[in-house]
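*Asks:* with the sequence up front, the predicted model follows.
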Amino acid sequence: MSLTLYYHPLASFCHKVLIALYENGTEFERRIIDLADAADSAELQALWPIGKFPIIRDHAHQRNLPESSIIIEYLDRLYPGEHRLVPDDWDSALEVRLWDRFFDHYVQVPMQQIVSDRLHATNGDLTRERSTLKTAYAMLERRMAARIWVAGPAFSMADCAAAPALFYASTLVPFPDDYQHLSAYFDRLVQRPSFQRVIDEARPWFSFYPFADAIEQRFLAPDNT
């Protein structure tokens, strides 16, 4: 098999890449990395000295690709499937990249800072991070008023970024009750089979998430209906 994904099933940036892989049925091998394990960390750092996942190893092309957006663009070009996640049209692709960056920088980053504060019991002032999430929610509520997907008519890399970012962020700062467009968008993401599969695989690990008690009940048990 040509591709090996180094990842953890609880990590939000890994979820983003998994969604892209599942969208197109791309075959890959899995290597779960436990950063608390010295051998696992050394293995990851040998591929990418920064020591962060996800990383994908393309054995056929002898390349190691870090960073979730870079990985998805690489897969979209070299291992394309039925669903193109970055359009060929430049203007459309720019819009996808913009909203991909939006979710990574203004939802994922503040979310991870809040989670890290809880994990390390630093009790820092997280007013700025929570404010950033609220601002991002307000922007999305306006944007999704007349849209199905965030960056264009089709599901894209930006939606791959949105799903895990909003999933975890909503456990920290819930969506306002009157944000119907944002909530509807999140529901569409949740119903996407690729994201449902990611959640199913992450479920056994949820107890390790420091805000596990805030995860919605619908995500805690598989839908058997």
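*Replies:* That came through, no problem.
*Asks:* number of residues surrounding D178?
*Replies:* By other CB atoms under 10 Å, 9 other residues sit near D178. All C-beta atoms are positioned from the backbone trio N, CA, C, and that covers glycine.
*Asks:* wait, I meant P87
*Replies:* 19.
*Asks:* try the one 5 residues further on
*Replies:* Burial of S92 is recorded as 16 neighbouring residues (other CB under 10 Å).
*Asks:* who touches it in this structure?
*Replies:* Taking CB atoms under 8 Å, 6 or more residues apart in numbering, we find S92 in contact with A151, G152.
*Asks:* and if we set it to 7 Å?
*Replies:* G152 (CB atoms under 7 Å, 6 or more residues apart in numbering).
*Asks:* again, but for R142
*Replies:* Taking CB under 7 Å, 6+ apart, we find R142 in contact with no residue.
*Asks:* got the phi and psi for it?
*Replies:* Phi and psi for R142, reported as degrees, to the nearest 10, are phi -70, psi -40.
*Asks:* what of F155?
*Replies:* Per degrees, to the nearest 10, the backbone of F155 is at phi -60, psi 130.
*Asks:* and the residue lying closest to it once chain neighbours are set aside, how close does it get to S68?
*Replies:* Closest residue to F155 apart from its sequence neighbours, by CB to CB, 6 or more residues apart in numbering: W149 at 5.3 Å. Look at W149 and S68: by CB to CB, to the nearest Å, they are 18 Å apart.
*Asks:* who's more crowded, the two?
*Replies:* For W149 versus S68, the count of surrounding residues by other CB under 10 Å is larger for S68: 30 against 18.
*Asks:* contact partners for the more buried one?
*Replies:* By CB under 7 Å, 6+ apart, the contact set of S68 is F13, K16, V17, P54.
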